[in-house]
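Trainee: Give me a 3D structure for the following:
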Amino acid sequence: MKNIKAIITDLDRTLLRTDKSLSEYTVAALKECKARGIKVMAATARPERSITEYDATIGFDAVTVMNGAKVMVGDKVITYGIPDELAEEMLAKVCGQKEFLFSVETGEILYAAEHIPEFEYTLHTEFPKLPIGETAYKILVSGEGAAEFIKENLTEGLHCTVANGYLVQIMSNDANKRNGVKVMLNAFGIAPEEAVYFGDDQDDAESMQLCSLGVAVDNAIPEVKVAADEIAESNDADGVAKWIEEHLL
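Mentor: Numbers count the residues shown, from 1 in each chain. A predicted model of the protein is given here:
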(Lines give C-alpha, C1' and ligand atoms only; values in the text may rest on other atoms or scores of the structure.)
Protein backbone atom coordinates (compact mmCIF):
# COMPACT_ATOMS: atom_id res chain seq x y z
CA MET A 1 0.00 0.00 0.00
CA LYS A 2 2.72 2.42 -0.97
CA ASN A 3 0.18 4.82 -2.46
CA ILE A 4 -1.41 5.68 0.90
CA LYS A 5 -0.53 9.28 1.76
CA ALA A 6 -3.09 10.01 4.48
CA ILE A 7 -4.74 8.30 7.43
CA ILE A 8 -8.04 9.71 8.67
CA THR A 9 -9.50 8.30 11.86
CA ASP A 10 -12.54 8.78 14.04
CA LEU A 11 -11.72 9.10 17.74
CA ASP A 12 -14.32 7.69 20.15
CA ARG A 13 -14.74 3.90 19.91
CA THR A 14 -12.22 3.82 17.06
CA LEU A 15 -8.79 5.27 17.84
CA LEU A 16 -9.53 5.79 21.54
CA ARG A 17 -10.09 2.93 23.91
CA THR A 18 -13.43 2.73 25.67
CA ASP A 19 -11.95 4.54 28.68
CA LYS A 20 -11.01 7.41 26.28
CA SER A 21 -7.29 6.70 26.57
CA LEU A 22 -4.65 6.49 23.82
CA SER A 23 -2.24 3.59 24.18
CA GLU A 24 1.49 4.17 23.79
CA TYR A 25 1.40 1.61 20.99
CA THR A 26 -1.17 3.63 19.05
CA VAL A 27 0.69 6.90 19.56
CA ALA A 28 3.95 5.32 18.38
CA ALA A 29 2.30 3.91 15.23
CA LEU A 30 0.80 7.26 14.26
CA LYS A 31 4.04 9.13 14.93
CA GLU A 32 5.92 6.66 12.76
CA CYS A 33 3.43 7.34 9.97
CA LYS A 34 4.10 11.06 10.30
CA ALA A 35 7.84 10.42 10.27
CA ARG A 36 7.40 8.56 6.97
CA GLY A 37 5.50 11.45 5.42
CA ILE A 38 1.99 10.04 5.82
CA LYS A 39 -0.47 12.70 6.95
CA VAL A 40 -2.46 11.81 10.07
CA MET A 41 -5.89 13.42 10.41
CA ALA A 42 -8.89 13.10 12.72
CA ALA A 43 -12.61 13.31 11.96
CA THR A 44 -14.74 13.37 15.09
CA ALA A 45 -18.13 14.37 16.48
CA ARG A 46 -16.34 16.05 19.37
CA PRO A 47 -15.92 19.84 19.56
CA GLU A 48 -12.41 21.26 19.32
CA ARG A 49 -12.13 21.91 23.07
CA SER A 50 -12.46 18.20 23.87
CA ILE A 51 -9.67 16.93 21.60
CA THR A 52 -6.87 19.21 22.79
CA GLU A 53 -4.98 16.53 24.74
CA TYR A 54 -5.13 14.04 21.86
CA ASP A 55 -3.98 16.63 19.36
CA ALA A 56 -1.10 17.60 21.64
CA THR A 57 -0.05 13.96 21.93
CA ILE A 58 -0.32 13.01 18.26
CA GLY A 59 0.00 16.31 16.42
CA PHE A 60 -2.74 15.84 13.83
CA ASP A 61 -2.00 17.41 10.45
CA ALA A 62 -5.67 18.38 10.12
CA VAL A 63 -8.85 17.92 12.12
CA THR A 64 -12.56 17.80 11.37
CA VAL A 65 -14.68 18.36 14.48
CA MET A 66 -18.40 18.45 15.26
CA ASN A 67 -19.13 15.96 12.47
CA GLY A 68 -17.76 18.32 9.83
CA ALA A 69 -19.19 21.59 11.13
CA LYS A 70 -15.61 22.84 11.61
CA VAL A 71 -12.49 21.89 9.67
CA MET A 72 -9.01 22.98 10.74
CA VAL A 73 -5.89 22.70 8.59
CA GLY A 74 -3.01 24.68 10.07
CA ASP A 75 -4.20 28.28 10.46
CA LYS A 76 -7.10 27.74 8.07
CA VAL A 77 -10.50 27.23 9.68
CA ILE A 78 -13.69 26.51 7.74
CA THR A 79 -17.06 26.43 9.52
CA TYR A 80 -20.52 25.25 8.51
CA GLY A 81 -22.93 26.52 11.14
CA ILE A 82 -26.70 26.19 11.18
CA PRO A 83 -28.37 29.47 10.09
CA ASP A 84 -30.12 30.99 13.12
CA GLU A 85 -33.60 30.81 11.61
CA LEU A 86 -33.22 27.11 10.78
CA ALA A 87 -31.78 26.33 14.21
CA GLU A 88 -34.63 28.09 16.00
CA GLU A 89 -37.26 26.47 13.78
CA MET A 90 -35.85 23.03 14.58
CA LEU A 91 -35.49 23.84 18.28
CA ALA A 92 -39.14 24.92 18.43
CA LYS A 93 -40.13 21.44 17.24
CA VAL A 94 -37.87 19.77 19.79
CA CYS A 95 -39.02 21.99 22.66
CA GLY A 96 -42.55 20.73 22.11
CA GLN A 97 -41.46 17.18 22.99
CA LYS A 98 -41.13 17.23 26.78
CA GLU A 99 -39.71 13.70 26.94
CA PHE A 100 -36.57 14.68 24.98
CA LEU A 101 -33.30 16.00 26.36
CA PHE A 102 -31.59 18.44 24.03
CA SER A 103 -28.64 20.80 23.84
CA VAL A 104 -26.92 23.10 21.36
CA GLU A 105 -23.20 22.91 20.56
CA THR A 106 -21.63 26.25 19.63
CA GLY A 107 -18.04 25.06 19.47
CA GLU A 108 -17.01 26.95 22.59
CA ILE A 109 -19.96 26.10 24.86
CA LEU A 110 -22.62 23.42 25.04
CA TYR A 111 -25.96 25.00 26.03
CA ALA A 112 -28.67 22.86 27.61
CA ALA A 113 -32.23 23.60 28.66
CA GLU A 114 -31.99 21.29 31.68
CA HIS A 115 -29.56 19.03 33.51
CA ILE A 116 -27.80 16.47 31.27
CA PRO A 117 -25.67 14.21 33.49
CA GLU A 118 -23.02 13.06 30.98
CA PHE A 119 -22.14 16.50 29.56
CA GLU A 120 -20.49 19.69 30.76
CA TYR A 121 -22.87 22.47 29.80
CA THR A 122 -24.17 25.98 30.41
CA LEU A 123 -27.86 26.32 31.27
CA HIS A 124 -29.95 28.30 28.77
CA THR A 125 -33.62 28.87 29.56
CA GLU A 126 -34.69 30.85 26.48
CA PHE A 127 -34.93 28.05 23.91
CA PRO A 128 -36.02 27.94 21.11
CA LYS A 129 -34.21 31.29 20.91
CA LEU A 130 -30.45 30.82 20.65
CA PRO A 131 -28.04 32.41 23.13
CA ILE A 132 -27.28 35.93 21.91
CA GLY A 133 -24.28 36.10 19.59
CA GLU A 134 -23.84 32.34 19.35
CA THR A 135 -23.85 30.11 16.25
CA ALA A 136 -25.36 26.66 16.52
CA TYR A 137 -23.18 23.97 14.94
CA LYS A 138 -25.06 20.95 16.26
CA ILE A 139 -28.36 20.33 17.96
CA LEU A 140 -28.17 17.19 20.11
CA VAL A 141 -31.34 15.31 21.04
CA SER A 142 -31.91 12.10 23.01
CA GLY A 143 -34.88 10.28 24.43
CA GLU A 144 -37.26 7.50 23.47
CA GLY A 145 -38.43 7.97 19.90
CA ALA A 146 -36.10 10.92 19.27
CA ALA A 147 -34.51 9.54 16.10
CA GLU A 148 -37.87 8.77 14.48
CA PHE A 149 -39.34 12.14 15.48
CA ILE A 150 -36.36 14.12 14.18
CA LYS A 151 -36.26 12.26 10.86
CA GLU A 152 -39.98 12.89 10.34
CA ASN A 153 -39.84 16.57 11.36
CA LEU A 154 -36.42 17.66 10.15
CA THR A 155 -36.28 21.28 9.02
CA GLU A 156 -35.31 21.69 5.36
CA GLY A 157 -31.63 22.51 5.00
CA LEU A 158 -30.63 20.29 7.92
CA HIS A 159 -29.65 16.63 8.22
CA CYS A 160 -29.12 14.27 11.13
CA THR A 161 -27.11 11.24 12.19
CA VAL A 162 -27.44 8.97 15.21
CA ALA A 163 -24.39 8.33 17.43
CA ASN A 164 -23.99 5.43 19.86
CA GLY A 165 -27.44 4.21 18.92
CA TYR A 166 -29.32 6.97 20.78
CA LEU A 167 -27.91 10.50 20.36
CA VAL A 168 -29.40 12.39 17.41
CA GLN A 169 -27.07 15.03 15.96
CA ILE A 170 -28.67 17.71 13.76
CA MET A 171 -26.45 19.84 11.52
CA SER A 172 -26.38 21.98 8.42
CA ASN A 173 -26.50 20.03 5.16
CA ASP A 174 -22.96 21.28 4.50
CA ALA A 175 -21.65 19.86 7.79
CA ASN A 176 -20.68 16.21 7.47
CA LYS A 177 -17.52 14.19 7.97
CA ARG A 178 -17.28 13.29 4.27
CA ASN A 179 -17.07 16.95 3.29
CA GLY A 180 -14.56 17.58 6.07
CA VAL A 181 -12.38 14.73 4.82
CA LYS A 182 -12.46 16.16 1.29
CA VAL A 183 -11.43 19.60 2.57
CA MET A 184 -8.55 18.16 4.61
CA LEU A 185 -7.24 16.02 1.75
CA ASN A 186 -7.54 18.84 -0.79
CA ALA A 187 -5.46 21.10 1.46
CA PHE A 188 -2.52 18.72 0.98
CA GLY A 189 -3.20 17.83 -2.63
CA ILE A 190 -4.03 14.25 -1.66
CA ALA A 191 -6.68 12.33 -3.61
CA PRO A 192 -9.27 10.22 -1.74
CA GLU A 193 -7.76 7.23 -3.54
CA GLU A 194 -4.58 7.86 -1.56
CA ALA A 195 -6.26 7.79 1.86
CA VAL A 196 -7.54 5.23 4.36
CA TYR A 197 -10.38 5.98 6.80
CA PHE A 198 -11.04 4.27 10.14
CA GLY A 199 -14.42 4.42 11.88
CA ASP A 200 -17.16 2.71 13.86
CA ASP A 201 -20.46 4.61 13.66
CA GLN A 202 -23.13 5.83 11.26
CA ASP A 203 -21.45 9.12 10.40
CA ASP A 204 -18.26 7.31 9.30
CA ALA A 205 -19.78 5.23 6.50
CA GLU A 206 -19.72 7.91 3.76
CA SER A 207 -16.08 8.80 4.51
CA MET A 208 -15.13 5.13 4.31
CA GLN A 209 -16.70 4.89 0.89
CA LEU A 210 -15.02 8.12 -0.27
CA CYS A 211 -11.50 6.93 0.53
CA SER A 212 -9.46 4.22 -1.16
CA LEU A 213 -9.93 2.00 1.89
CA GLY A 214 -12.52 2.07 4.63
CA VAL A 215 -11.58 0.11 7.74
CA ALA A 216 -14.10 -0.58 10.50
CA VAL A 217 -12.98 -1.57 13.97
CA ASP A 218 -14.47 -4.83 15.21
CA ASN A 219 -16.74 -3.02 17.67
CA ALA A 220 -18.33 -0.94 14.88
CA ILE A 221 -22.06 -1.04 14.29
CA PRO A 222 -23.20 -3.61 11.68
CA GLU A 223 -23.99 -0.99 9.00
CA VAL A 224 -20.45 0.37 9.14
CA LYS A 225 -18.93 -3.09 8.91
CA VAL A 226 -20.97 -3.64 5.74
CA ALA A 227 -19.71 -0.34 4.29
CA ALA A 228 -16.08 -1.10 5.16
CA ASP A 229 -13.51 -2.77 2.91
CA GLU A 230 -11.76 -4.39 5.86
CA ILE A 231 -12.31 -5.06 9.56
CA ALA A 232 -9.59 -4.30 12.13
CA GLU A 233 -9.48 -5.46 15.73
CA SER A 234 -11.53 -3.53 18.27
CA ASN A 235 -10.68 -0.13 19.71
CA ASP A 236 -9.73 -1.72 23.05
CA ALA A 237 -7.30 -4.02 21.21
CA ASP A 238 -5.64 -1.07 19.40
CA GLY A 239 -7.13 -2.21 16.11
CA VAL A 240 -6.26 0.94 14.18
CA ALA A 241 -2.60 0.83 15.19
CA LYS A 242 -2.31 -2.89 14.49
CA TRP A 243 -3.79 -2.45 11.01
CA ILE A 244 -1.40 0.43 10.31
CA GLU A 245 1.61 -1.57 11.50
CA GLU A 246 0.65 -4.56 9.35
CA HIS A 247 -0.20 -2.65 6.16
CA LEU A 248 1.71 0.64 6.17
CA LEU A 249 4.82 0.34 8.33
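Trainee: Name the spans of the protein whose pLDDT lies under the cut-off.
Mentor: Applying pLDDT under 70 to the chain flags the ranges 1.
Trainee: Quick check: the gap between the closest residue in space to Ala228 that isn't next to it in sequence and Gly165.
Mentor: Counting by Cβ to Cβ, 6 or more residues apart in numbering, Ala228 lies nearest to Ala216, which is 3.7 Å off, once chain neighbours are set aside. Bear in mind the C-beta positions are built from the backbone N, C-alpha and C, glycine included. Ala216 sits 16 Å away from Gly165, going by Cβ to Cβ, to the nearest Å.
Trainee: just the strands in this structure please.
Mentor: Applying DSSP state E to the chain gives strands spanning 6-9, 39-43, 62-65, 70-73, 76-79, 101-105, 110-112, 122-123, 138-142, 158-163, 167-172, 195-199, 213-217, 230-232.
Trainee: any idea which of those strands is most buried?
Mentor: Ranked by mean neighbour count, the strands of the chain are led by strand 195-199 with a mean of 29 (mean count of other Cβ atoms under 10 Å).
Trainee: contacting residues around that strand?
Mentor: The contact list for strand 195-199, computed with Cβ atoms under 8 Å, 6 or more residues apart in numbering, reads 1, 4-10, 14-15, 43, 181, 185, 204-205, 207-208, 210-217, 220, 224, 232, 240, 243.
Trainee: switch the cut-off to 7 Å
Mentor: If you take Cβ atoms under 7 Å, 6 or more residues apart in numbering as the criterion, strand 195-199 is touched by 4-10, 14-15, 181, 185, 207-208, 211-217, 220, 224, 240.
Trainee: between that strand and strand 39-43, how many degrees?
Mentor: Angle, strand 195-199 to strand 39-43, by axes from the mean of the first three to the mean of the last three Cα atoms, to 10 degrees: 40 degrees.
Trainee: Partner strands of strand 195-199, with direction?
Mentor: strand 6-9 (parallel), strand 213-217 (parallel) (DSSP bridges).
Trainee: As a markdown table, those strands with distance to Phe60 would be great.
Mentor: Output for the strands paired with strand 195-199, formatted as a markdown table (distance: least, Cβ to Cβ, whole Å):
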| stretch | distance to Phe60 |
| --- | --- |
| strand 6-9 | 9 |
| strand 213-217 | 18 |
